[in-house]
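A.B. asks: got a predicted model here, sequence first, then my questions.
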Amino acid sequence: MNTDARIEEHFIGVRNSEEAEAAVKPDDFALYYKYDNSGEVRASIPLYLVHRNTKNEIFHFPVLRISEDNGSKWWHVQIGNNKMQSFRQLSDLVRCYHLYRFTDARSGRMEVFPLWKGGIVDDFE
């Protein structure tokens, strides 16, 4: 099987939120299929991204694949009401967040996602 090593590095399988949090290190992220412990059988399992920032704060975001009117399909991370950059392939999304960081101009802190006051997505709670 020919898979991108970065996807394998950042994919942790099927987990609940607590298990996903335990699997991610500071300043990193992982993709996982999120299940809850309710015992309810679901038709599908949502794909999520768990992120632990440099301050050791943890966030969980849905990763969505959206179909456009022209038939094209795009992957993106949904942070609150903010749709982050879109990618044709999931491997491109992983590669981007693996390689690049946002910088807080006031503090110089670099993060995978700009989740600080005054950042691009500062209204996320």
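C.D. replies: Cool, the structure landed.

A.B. asks: mind listing what's buried in the longest helix seen in the chain?
C.D. replies: In the chain, with assignment by DSSP state H, the single longest helix is helix 90-99. Neighbour counts over helix 90-99 (16 or more other C-beta atoms under 10 Å) mark 90, 93-95, 97-98 as buried. Just so you know, the C-beta spots here come from the backbone N, C-alpha and C atoms, and that holds for glycine as well.

A.B. asks: extract the CA atoms of it and return them as CSV.
C.D. replies: Extracted C-alpha coordinates of helix 90-99, given in CSV (Å, rounded to 0.1, in the frame of the first residue of the first chain):
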residue,chain,number,x,y,z
LEU,A,90,-6.5,14.5,3.0
SER,A,91,-2.8,13.9,2.7
ASP,A,92,-2.3,17.5,1.6
LEU,A,93,-4.2,18.7,4.6
VAL,A,94,-1.9,16.6,6.9
ARG,A,95,1.2,17.7,5.1
CYS,A,96,0.3,21.4,5.4
TYR,A,97,-0.4,21.3,9.2
HIS,A,98,2.7,19.1,9.7
LEU,A,99,5.1,21.5,7.9
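
A.B. asks: which other helices and strands does the helix or strand just after that helix contact?
C.D. replies: Next along the chain after helix 90-99, taking DSSP states H and E as the criterion, comes strand 102-103. Applying 3 or more C-beta pairs under 8 Å, 6 or more residues apart in numbering; DSSP states H and E, we find strand 102-103 packed against strand 110-111.

A.B. asks: and the strand it packs on, what does it pack against?
C.D. replies: Checking 3+ C-beta pairs under 8 Å, 6+ apart, strand 110-111 ends up next to strand 102-103.
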